[in-house]
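Novice: Any chance you can model this:
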Amino acid sequence: MQVTVIVLVAVFGVALAGDKNGDQNPKVWDALKKLRGKDALTTEQIQDLYPNAVAGKDFPNNLAIPQPRTIDCAAVKPGFHVDASDPSKCQVFDRCDINGNLTSYICPALTLFNQITLICDYFYNVDCAQSAQFADYSNGRLYAGEKSIFLDDRK
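Specialist: Below you'll find the predicted structure:
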């Protein structure tokens with residue numbers, strides 16, 4: 001429950017920031033729908049999906065971060081980057097900092113990295129094949145330097 005509230009607050013923050021933080025295209029709700037690859041599931045559909053979900057088929061079930069890592073932090077912008085390759089299939093993501101250092105993370109079972117919200121999200125909310133197109137969607141706001149807009153800067 002607490003995680004859901006945090007996710008909703010983050011999404012609302014991005015959605016309400018509007019042109020003050022640089023107008024995102026597509027809008028956040030449209031981007032999330034595109035990343036999902038389908039309409040949002042109803043509560044009943046989710047309740048039917050969970051008991052029948054199969055690890056390795058419906059979602060990846062990596063127990064460790066696959067090695068070697070293929071991302072080159074010198075070649076990408078700083079931020080969080082999903083690993084859509086096999087065997088990760090979006091369960092693993094990498095963080096490249098402004099100094100070019102790489103840190104890799106793995107999402108818990110039943111979750112995949114959401115490149116828009118930059119969190120591990122339920123597998124049914126992320127179509128891994130759509131993830132790469134959103135690499136700059138939220139990352140551009142992370143390392144904006146003096147151009148960064150924070151909630152306490154809003155009037």
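Novice: So which residue is smack in the middle of the protein?
Specialist: Nearest to the geometric centre of the chain sits N114, at 2.0 Å (CA atoms, centre = their mean).
Novice: my guess is that one meets L35, correct?
Specialist: Yes - N114 lies in contact with L35 (CB atoms under 8 Å); the separation is 6.8 Å. All C-beta atoms are positioned from the backbone trio N, CA, C, and that covers glycine.
Novice: This protein: helices as residue ranges?
Specialist: Using DSSP state H, the helices of the chain run over residues 2-17, 28-36, 43-52, 128-131, 139-142.
Novice: Of these, which shows the lowest average pLDDT?
Specialist: Of all the helices of the chain, the minimum mean pLDDT falls on helix 2-17 (a mean of 49).
Novice: overlap in contacts of N114 and L35?
Specialist: Residues touching both N114 and L35 by CB atoms under 8 Å, 6 or more residues apart in numbering: N125, V126.
Novice: And P78, how close does it get to A135?
Specialist: According to CB to CB, to the nearest Å, P78 stands 12 Å off from A135.
Novice: Likewise for F113?
Specialist: With distances taken as CB to CB, F113 is found 11 Å from A135.
Novice: Strands along this protein, start to end?
Specialist: Using DSSP state E, the strands of the chain run over 79-83, 92-96, 102-106, 111-114, 119-122.
Novice: Next, format those as JSON lines and append distance to C73 and mean pLDDT.
Specialist: Shown next, in JSON lines, are the strands of the chain (distance: least, CB to CB, whole Å; pLDDT from 0 to 100):
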{"stretch": "strand 79-83", "distance to C73": "9", "mean pLDDT": "96"}
{"stretch": "strand 92-96", "distance to C73": "4", "mean pLDDT": "97"}
{"stretch": "strand 102-106", "distance to C73": "5", "mean pLDDT": "97"}
{"stretch": "strand 111-114", "distance to C73": "17", "mean pLDDT": "97"}
{"stretch": "strand 119-122", "distance to C73": "21", "mean pLDDT": "97"}
